[in-house]
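Peer 1: Sequence first, then the predicted structure:
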Amino acid sequence: MRTDTGQVFRLEDYRPSDYLIPELDLTFRLDPERTIVTARLSIARREGVAADLPLVLDGDGLTLGQLLIDGRPAEDGAYEATPDRLTIVKPPKAQHFELTIVTRLAPANNKALMGLYVSNGVFCTQCEAEGFRRITYFLDRPDVLAVYRVRIEARKKEAPLLLSNGNPVEHGDLDDGWHYAVWHDPFPKPSYLFALVAGDLGVVRDRFVTASGRDVALAIYVEHGKEALAAYAMDALKRSMRWDEERFGREYDLDVFNIVAVSDFNMGAMENKGLNVFNDKYVLADPETATDVDFANIEAIIAHEYFHNWTGNRITCRDWFQLCLKEGLTVYRDHEFSADQRSRAVKRIAEVRTLRAHQFPEDQGPLAHPVRPRRYREINNFYTATVYEKGSEVVRMIRTILGAEAFRAGMDLYFERHDGQAVTIEDFLACFEAVSGRDLSQFSLWYHQAGTPNVTATTRYDPSAREYTVELEQSVPPTPSEARKRLMHIPLAFGLVGPDGQDMAYESVEGAAVEDSVIHLRKRRQVIRFKGVEVRPILSLNRGFSAPITLSQETSASDRLFLARHDSDLFSRWQALDTLLTKALIDASARIRGSKEPEFEAALLDCAAEIAADERLEPAYRALALTLPAEADIAREIGSNIDPDAIGAARASLRKAIAIRAHENFAALHRNLEDKGPFSPDAESAGRRALRNVLLDYLAAGSGEPALALHQFENSTNMTERMAALTVLAHQFPTSEATQKALAAFEERYRDNALVLDKWFIVQATIPGPDTVDLVRRLMEHEAFSLMNPNRVRSLIGSFASANQTGFNRVDGEGYRFLAETVLRVEAHNPQVAARLAVAFRSWRSLEKGRQEHARAALAHMAQQPELSRDLRDIVERTLA
Ligand code: TRP
Ligand code: ZN
């Protein structure tokens with residue numbers, strides 16, 4: 001384990017590399033215990049750099065076997081090798097020279113899953129962000145781009161399949177049952193995009209002809225016997241390739257595109273050039289084993305990694321501070337893809353829910369950082385919701401400000417100007433400034449300042465003057481990264497909703513702040529006067545969530561109900577209802593804390609039920625409208641002195657109140673929505689299942705009986721409905737016989753399917769209440785559980801810590817102690833996964849006093865460990881600070 005040295009990396013310290021590596025020749029002789037890597041690096045000293053400047057290559061836990069300089073063994077004193085550095089003390093005088101470096105690795109013992117490791121008998125690599133230095137000594141930084149030629153040698157029986165980046169060049173047999181393959185990637189790339197896979201896998205093949213007629217051989221490699229489960233991923237890949245041509249004019253550029261699914265993987269997937277490596281969870285799916293959410297995730301992640309080919313690979317990051325340059329932009333692209341493939345409004349609501357659930361708490365807590373950070377201790381800890389999700393929102397705002405056409409022109413210019421380069425956010429923004437003639441300097445603060453901006457809106461209508469006034473005010477709270485904030489440019493899409501639900505016209509507007517249904521808030525306070533407004537409108541603000549802010553708008557409940565029923569913007573309709581529900585839940589939780597019965601307005605209950613039954617709306621949309629704000633959403637809105645138990649009770653009582661009031665309608669709807677005919681994963685069918693499943697949750701809550709859920713569990717023909725039923729059983733009736741029966745049946749049916757058992761772990765780890773921590777402890781002893789596998793760890797431990805408010809935040813602190821203890825166990829072999837688990841502590845200061853103290857103690861316990869990894873120490877210390 002690489003322990004912490006306390007070193008901090010800063011953006012302002014960036015300097016171009018003194019040496020470049022235009023070409024790299026790699027040879028791997030693969031063996032689980034003793035792999036030999038021979039790397040031949042062509043080195044070029046940058047123009048103007050002194051000839052005697054030492055060359056320092058990065059390493060991480062390496063042992064040097066041999067070193068040749070220009071083909072001759074290096075003499076003692078000519079170099080210094082440590083596990084994390086190889087220094088060529090006196091490099092050759094010539095501007096170009098060659099190094100040959102031999103390192104030895106034991107991939108079977110690599111449980112950190114960075115660098116070269118073995119997963120389920122398959123050799124594979126993960127190099128982003130700094131894993132390549134665990135393979136060989138190198139200038140392991142994204143602005144050093146090399147053309148790779150890779151030769152892989154392996155035992156033919158152990159690894160009939162030999163893959164790397166680029167195009168295949170040759171392959172053949174060697175002595176003693178060994179064989180080899182050579183790959184060549186013509187596109188210069190940074191080391192983090194290198195990949196190698198070797199093993200015995202099954203394959204699904206297809207082909208794709210690009211717009212300009214290039215014939216691309218597509219392949220997805222999976223465990224033998226699972227080929228049929230890759231069909232949906234293949235379909236998603238072809239749709240992604242076509243979409244990128246149509247929407248962004250981007251074509252694929254190699255003869256082959258390979259995807260490999262592995263079962264041990266630290267994250268979702270990785271965009272290595274021409275050889276994407278995936279967590280098998282995001283490849284394998286069929287109706288029997290995958291839910292509709294799984295299908296949608298597969299589609300999105302396949303697209304995401306494919307889109308990286310242009311946004312990330314052809315144009316890459318100058319340094320890791322620019323991570324959002326590829327990630328935020330690529331998330332934006334995959335969001336747009338999913339919106340086009342599915343329902344735009346539903347997709348947008350789901351995105352905003354995720355943003356609020358993951359990015360808002362990050363931005364509002366101790367780990368807050370700008371979309372483009374200026375400092376880090378461990379880059380692995382910056383693959384965050386802020387970089388990815390808020391980074392995507394920032395790109396979306398650029399499009400809102402510029403309009404569709406100029407946005408596309410800016411993207412075209414970006415691809416044209418920077419193809420083949422490693423660039424910065426400034427380079428990216430300059431393209432949009434160039435095509436639009438706009439000054440984006442104030443806007444660029446979205447990249448530089450952390451924190452969720454608050455906007456307050458007050459409105460006034462003057463009937464005699466026929467004038468409607470909107471007064472806006474912005475503020476950005478302080479964060480650890482910046483104490484004082486500058487004023488932001490916040491684009492707020494809006495409409496003035498009239499009594500018939502249509503947007504009202506106005507004759508003119510005072511001030512230059514309004515442009516095409518968007519208010520551009522740039523000052524602290526801005527007053528906008530709409531002239532010639534016939535009757536009092538209702539302001540629908542931040543439509544489509546045009547800016548990632550929190551909005552406080554003084555609006556009466558009846559106006560909000562009106563928007564929930566009639567706003568022409570579907571996102572804002574949903575938002576209006578969600579705001580009302582959240583307010584009701586906050587109120588109810590306060591009453592419960594004061595030992596009073598919660599009360600709910602009949603009009604609100606009816607509005608929710610009415611939207612659920614409105615056949616003019618898509619089922620998926622109605623399902624979202626019926627999904628109550630999560631406990632964590634309510635907690636975030638309350639902000640401080642939080643009692644998770646009261647929130648949980650409030651939510652359960654609102655669910656019950658809606659269920660009782662709408663019982664008849666819900667029961668009929670639930671029956672009518674039953675899936676008939678063959679399963680299809682398309683968005684429309686998935687939407688119907690989603691609605692049916694939310695209804696089941698209500699019906700069970702209303703009746704207080706598990707019977708209906710058990711019936712659905714036993715009779716469903718797909719995982720979506722089976723899992724939804726099991727969740728209702730386990731979460732609403734944890735101790736009932738029906739639940740025990742269902743859990744046992746599920747376990748028995750899927751005992752050999754690790755990905756499905758993950759769902760079984762999740763459903764139990766998220767059972768609300770104080771007993772779950774003990775259940776999780778017991779489940780860690782289950783034969784299917786392993787602390788070595790990140791998917792298992794995330795399912796059982798991760799979901800307990802981040803998706804079980806009442807379980808994790810148990811009043812006696814047992815949840816926190818359990819997490820700290822488990823994080824330390826995981827850290828011993830996989831610091832990256834351990835650090836991510838520890839992030840679950842990030843909102844500890846907003847809890848009530850008693851829980852705060854328990855959480856602090858658990859964090860302090862981790863901090864006191866003498867030997868912490870850089871990954872974990874960074875998270876723990878920032879969380880405590
Ligand atoms: N670049 C990958 C993506 O967003 C994610 C990634 C970063 C990753 N670091 C990783 C994946 C480490 C696995 C392991 O698509
Ligand atoms: Zn990505």
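Peer 2: Everything's here; your move. Ligands and ions are numbered 1, 2, ... in the order given.
Peer 1: For the chain, what lies in contact range of ligand 2?
Peer 2: 327, 330 (C-beta under 5 Å from the ion). Using the backbone N, CA and C atoms, a C-beta is placed for each residue, glycine as well.
Peer 1: what about the longest helix in the chain?
Peer 2: Longest helix in the chain, counting residues (DSSP state H): helix 570-593.
Peer 1: May I see the buried residues of that helix?
Peer 2: 570-586, 588-589, 591-593 (16 or more other C-beta atoms under 10 Å).
Peer 1: same thing with stretch 678-685?
Peer 2: So stretch 678-685, judged by 16+ other C-beta under 10 Å, has buried residues 679, 681, 683, 685.
Peer 1: Could you do stretch 445-462 as well?
Peer 2: Buried, per 16+ other C-beta under 10 Å, within stretch 445-462: 445-447, 449-453, 455, 457, 459, 461.
Peer 1: Same question for stretch 222-232.
Peer 2: 222-223, 226-227, 229-230, 232.
Peer 1: residues touching whichever residue of the stretch 1-150 of the chain sits closest to ligand 2, list them.
Peer 2: Of all residues in the stretch 1-150 of the chain, Glu128 sits closest to ligand 2, at 8.8 Å by C-beta to the ion. Counting by C-beta atoms under 8 Å, 6 or more residues apart in numbering, Glu128 touches 192-193, 270.
Peer 1: can you check Asn110 too?
Peer 2: By C-beta under 8 Å, 6+ apart, the residues touching Asn110 are 116-118, 134.
Peer 1: Now the two most distant members of the residues you listed.
Peer 2: Across the contacts of Asn110, the longest distance by C-beta to C-beta is 13.7 Å; it joins Val118 and Arg134.
Peer 1: Among these two, which residue is more densely surrounded?
Peer 2: Arg134 (27 against 23; other C-beta atoms under 10 Å).
Peer 1: What residue in the stretch 51-200 of the chain comes nearest to ligand 1?
Peer 2: Ligand 1 sits closest to Glu128 of the stretch 51-200 of the chain, with a gap of 4.1 Å, by C-beta to the nearest ligand atom.
Peer 1: so that residue, which of the three states?
Peer 2: Secondary structure, DSSP: H, G, I helix; E, B strand; the rest coil: Glu128 is coil.
Peer 1: what's the pLDDT at it?
Peer 2: pLDDT recorded at Glu128 is 99.
Peer 1: Do I have it right that Phe733 meets Ala707?
Peer 2: No - contact between Phe733 and Ala707 fails when scored by C-beta atoms under 8 Å: they sit 9.9 Å apart.
Peer 1: more neighbours, those two?
Peer 2: Between Phe733 and Ala707, counted using other C-beta under 10 Å, Phe733 has the larger neighbour count: 20 against 13.
Peer 1: Report the residue ranges of every domain in this structure.
Peer 2: Per automatic domain parsing, the domain ranges recorded for the chain read 9-307, 316-448, 454-547, 755-881.
Peer 1: Now tabulate these in a markdown table and tack on distance to Glu737.
Peer 2: Shown next, in a markdown table, are the domains of the chain (distance: least, C-beta to C-beta, whole Å):
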| stretch | distance to Glu737 |
| --- | --- |
| domain 9-307 | 25 |
| domain 316-448 | 34 |
| domain 454-547 | 44 |
| domain 755-881 | 16 |
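Peer 1: which stretch among those domains comes nearest Ala667?
Peer 2: Here domain 9-307 is closest among the domains of the chain (C-beta to C-beta), at 22.6 Å.
Peer 1: Break down the stretch 101-250 of the chain into its strands, ranges please.
Peer 2: When secondary structure is read from DSSP state E, counting those that start in this stretch, the stretch 101-250 of the chain shows strands at 115-119, 122-126, 146-155, 161-164, 167-173, 178-189, 196-199, 202-209, 215-222.
Peer 1: JSON lines for the ones you listed, including distance to Ala602?
Peer 2: Formatted as JSON lines, those follow (distance: least, C-beta to C-beta, whole Å):
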{"stretch": "strand 115-119", "distance to Ala602": "56"}
{"stretch": "strand 122-126", "distance to Ala602": "55"}
{"stretch": "strand 146-155", "distance to Ala602": "67"}
{"stretch": "strand 161-164", "distance to Ala602": "62"}
{"stretch": "strand 167-173", "distance to Ala602": "67"}
{"stretch": "strand 178-189", "distance to Ala602": "62"}
{"stretch": "strand 196-199", "distance to Ala602": "60"}
{"stretch": "strand 202-209", "distance to Ala602": "54"}
{"stretch": "strand 215-222", "distance to Ala602": "53"}
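Peer 1: Can you report how many residues lie near the residue of the stretch 401-550 of the chain found nearest ligand 1?
Peer 2: Residue nearest to ligand 1 within the stretch 401-550 of the chain: Ala422 (15.2 Å; C-beta to the nearest ligand atom). Neighbours of Ala422 under the rule other C-beta under 10 Å: 22.
Peer 1: shouldn't it be in contact with Thr316?
Peer 2: Yes - between Ala422 and Thr316 there is a contact at 4.9 Å, judged by C-beta under 8 Å.
Peer 1: anything in contact with each of the two?
Peer 2: 142, 145, 190.
Peer 1: Of these - the most surrounded one?
Peer 2: Busiest of the shared contacts of Ala422 and Thr316 [other C-beta under 10 Å] is Pro190, holding 24 neighbours.
Peer 1: May I have the phi/psi pair for Val497?
Peer 2: phi -90, psi 120 (degrees, to the nearest 10).
Peer 1: wait, isn't it in contact with Ala564?
Peer 2: No - using C-beta under 8 Å, Val497 is not in contact with Ala564, being 11.3 Å away.
Peer 1: Within range of ligand 1, give me the residues from the stretch 201-350 of the chain.
Peer 2: Within the stretch 201-350 of the chain, the positions near ligand 1 by C-beta under 6 Å from any ligand atom are 266-267, 269-271, 304-305, 327.
Peer 1: Out of these, who's the most crowded?
Peer 2: For those, neighbours tallied by other C-beta under 10 Å; top is His304, 26 neighbours.
Peer 1: just to revisit the earlier point, keep only those of the buried residues of stretch 445-462 that are in helices.
Peer 2: Using DSSP H, 445-447 are the members of those that sit in helices.
Peer 1: Could you list which of the residues you listed also contact ligand 1?
Peer 2: Okay, of those, nothing touches ligand 1 (C-beta under 6 Å from any ligand atom).
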